[in-house]
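Participant: Give the three-dimensional model of this entry:
(one chain, ligands or ions: 1)
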Amino acid sequence: MTTKQLLSGNEAIARGAYEAGATVGTGYPGTPSTEILENFVRYPDVYCEWSVNEKVALEVAIGASLAGARTLVTMKHVGVNVAADPLFTLSYIGIKGGLVIVSADDPDMHSSQNEQDNRHYALAAKIPMLEPADSQEAKEFTKLAFKLSEKYDTPVFIRSVTRLAHTNSIVSHSKPTNRPLPQGFERNIKKYVMIPAFARLRHLEVEKRLALIAKESNELSINQTEINDKKTGFITSGVNYHYLKEIYPEATILKLGMIYPLPVEKIKKFCKIMKRVIIVEDLDPFLETLIKAMGITNVQGKKLFPLTGELNPDIIRGSLSTNKSSPVSINIDIPNRPPALCPGCPHRQVFNVLKKLKLTVSGDIGCYTLGVLPPFSAMDTCIDMGASIGVAQGIEIASNRKKKNTVVAVLGDSTFAHSGITGLLNAAYNGRHSLIIVLDNGTTAMTGMQPNPSSGETISGNPTIQIDYHKLGESMGLDQDNIREVNAYKEDEIEKNITKLLTSEKLSLLVIKGLCVIFKTRRIKQLKKGK
Ligand code: SF4
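Facilitator: Numbering: from 1, shown residues only. Below you'll find the predicted structure:
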């Protein structure tokens, strides 16, 4: 009997990995990808971890794959930037156990610092990419991705977007594949050790493999045509397929499930029988550029649609309408609700102090980015995970503020573990004297309370190590007196310590500790329930 269940795209990807026989999952939490691992960890006989960052997550995944385990690694789109270094070489060495990488993109920046289009990573790293349109496809495409990975000795990307990740639709379950027992690592230096002599040979293999996959993509049923009239045809992928069907149920469509490499013959054949072809895609003209490069001239794309933000049925309808003068207007006065630090957040006090002291604040990703907004308005930069420390150093260097230091770096505990530690090491090594403030709330709050190396537990809830800031700072040569811990609720203490440490000619680490109130409330409820 087939079981059917209402699943989000993220839950369906986790289910797909399980049905495909994956036994290892790694990742770093990042909206909209977080729930994939949170669901995968619930399946029996799988190993899951929150790694400290996406680069490490991919490196662990590579090791597991080379030892023969089918492995899933998840991250949000900007996380792929962090993992890009091992990613490009992984493409050369290939895999042993199937390796699937989920890139969860965020068109329209619902919860991100940019809206980069990660389809370019598939092209640049020469890694096949599949893009599902709903939860059923999310599950099936994940299974197919594992198959293709092992068939062609390549990692495979699943591209998800926020709408797919967090939208629920019906999914039919299948019996999980028998989990092949990983046979362990086998030495193969020409494949796994990328010194230039071996890497040059591997690059040739990558090109051969891509040509074979491109050929097979013409036959793959996930690239499907629905032909009705031959006047106007659409080429699209992912959730935009459903938007198109909603507006034009009878439309002629070539729906691409594999968006890299493209099924060239299928696309050429489709465009040849159509008078006019419209490419419907979010963000960059990725498909459009590749299709025009095939020498096809009857296609249009971004000339009609916006280059920024996500598409939706209204935008698609509006972009294709000849009557541009009468857009649909909805006259509802929706109050503006800007995000804010939670009213009871223990780390509000520190932003009051930073504002009062008129400091230049180099900020970071997470809850505390919201310190930029009123009533605090106490943040001056925010670039990427862990960048606060390096950026503060750069400001300090260029401003030549040798005597009076007015620059501080502020970041959360998870971000510190993710990539702040290397910034701290750089500051110590280069003799900087900035003040680094870690706001330790005991969890990774912004993405939904995942544990991290400051929390003392793993993704499975097992006890583990906890960062000891004193020992860490000391090991990098910081003076004990320049490493301090303060209670987040003691505003006076916070001010006193910041003022004191700013007068120091040495690098300082101030850890302000206060458990996230949402996390605390949740824990109390769990304890009451006896969990
Ligand atoms: S989620 Fe927690 S840490 Fe983040 S702002 Fe709210 S209370 Fe503070």
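
Participant: biggest helix in the protein, by residue count?
Facilitator: Secondary structure of the chain per DSSP state H: the longest helix is helix 196-217.

Participant: Alpha carbons of that helix, as CSV, please.
Facilitator: Output of helix 196-217 as CSV, limited to C-alpha atoms (Å, rounded to 0.1, in the frame of the first residue of the first chain):
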residue,chain,number,x,y,z
PRO,A,196,48.2,19.4,-10.8
ALA,A,197,49.3,16.3,-12.8
PHE,A,198,46.4,14.3,-11.6
ALA,A,199,43.9,17.2,-11.6
ARG,A,200,44.6,17.8,-15.3
LEU,A,201,43.5,14.3,-16.1
ARG,A,202,40.5,14.5,-13.9
HIS,A,203,39.3,17.7,-15.6
LEU,A,204,39.1,15.7,-18.9
GLU,A,205,37.0,13.1,-17.0
VAL,A,206,34.7,15.9,-15.8
GLU,A,207,34.2,17.1,-19.4
LYS,A,208,33.5,13.6,-20.6
ARG,A,209,31.0,13.0,-17.8
LEU,A,210,29.2,16.3,-18.5
ALA,A,211,28.8,15.4,-22.2
LEU,A,212,27.3,12.0,-21.3
ILE,A,213,24.9,13.6,-18.8
ALA,A,214,23.8,16.2,-21.3
LYS,A,215,23.0,13.4,-23.8
GLU,A,216,21.0,11.5,-21.2
SER,A,217,19.1,14.6,-20.1
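
Participant: Just checking: what are the partner strands of the very next helix or strand once past that helix?
Facilitator: Per DSSP states H and E, helix 196-217 leads on to strand 224-226 as the next helix or strand towards the C-terminus. Strand pairing for strand 224-226, using DSSP bridges, gives strand 252-256 (antiparallel).

Participant: Show me what counts as buried in the partner strand.
Facilitator: 252, 253, 254, 255, 256 (16 or more other C-beta atoms under 10 Å). Placement of C-beta: from N, CA and C, glycine included.

Participant: Looks like the last one contacts residue 287 (just checking).
Facilitator: To tie it back to what came earlier, the one meant is residue 256. Yes. Residue 256 lies in contact with residue 287 (C-beta atoms under 8 Å); the separation is 7.1 Å.

Participant: buried stuff in the longest helix of the chain?
Facilitator: 198, 202, 206, 209, 210, 213, 214, 217.

Participant: can you pull the pLDDT of the fourth one?
Facilitator: This means residue 209. Confidence at residue 209, expressed as pLDDT, is 98.

Participant: Okay, now the unreliable bits of the stretch 301-450 of the chain?
Facilitator: Residue ranges of the stretch 301-450 of the chain with pLDDT under 70: 323-330, 400-403.

Participant: Return the helix or strand in the chain with minimum mean pLDDT.
Facilitator: Counting by mean pLDDT, DSSP states H and E, the chain has its least confident helix or strand at helix 517-528, which shows a mean of 90.

Participant: quick one: that one near the ligand?
Facilitator: Yes. Counting by C-beta under 6 Å from any ligand atom, the ligand is contacted by helix 517-528 at 517, 518.

Participant: List of residues touching that helix?
Facilitator: 342, 344, 345, 346, 441, 442, 443, 445, 449 (C-beta atoms under 8 Å, 6 or more residues apart in numbering).

Participant: Equivalent analysis for stretch 468-483, please.
Facilitator: Outside stretch 468-483, the residues that reach it (C-beta under 8 Å, 6+ apart) are 421, 424-425, 428-429, 438, 485, 501, 504, 506-509, 511.

Participant: the strands in the stretch 51-200 of the chain, which residues?
Facilitator: 71-76, 99-105, 129-130, 156-161, 168-172 (DSSP state E, counting those that start in this stretch).

Participant: Which of the ones you listed sits closest to the ligand?
Facilitator: strand 71-76 (17.8 Å; C-beta to the nearest ligand atom).

Participant: Roughly how far does the single nearest residue of the stretch 351-500 of the chain relative to the ligand sit from residue 516?
Facilitator: Residue of the stretch 351-500 of the chain nearest the ligand, by C-beta to the nearest ligand atom: residue 367 (3.1 Å). Counting by C-beta to C-beta, to the nearest Å, the gap from residue 367 to residue 516 is 8 Å.

Participant: Find the residues that touch each one of these two.
Facilitator: In contact with both residue 367 and residue 516: 345, 441, 445, using C-beta under 8 Å, 6+ apart.

Participant: now, which of those sits nearest residue 58?
Facilitator: Closest approach between the shared contacts of residue 367 and residue 516 and residue 58, by C-beta to C-beta: residue 445, at 24.2 Å.

Participant: Just give the nearest non-adjacent residue to the closest one, would you?
Facilitator: Distances taken as C-beta to C-beta, 6 or more residues apart in numbering place residue 516 nearest to residue 445, at 4.5 Å, with adjacent residues excluded.

Participant: Ok, residue 456 next?
Facilitator: residue 466 (4.1 Å).

Participant: In TSV: the buried residues of helix 196-217, plus distance to residue 30.
Facilitator: Putting the buried residues of helix 196-217 into TSV (distance: C-beta to C-beta, whole Å) gives the following:
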residue	distance to residue 30
198	33
202	30
206	28
209	29
210	28
213	28
214	30
217	29
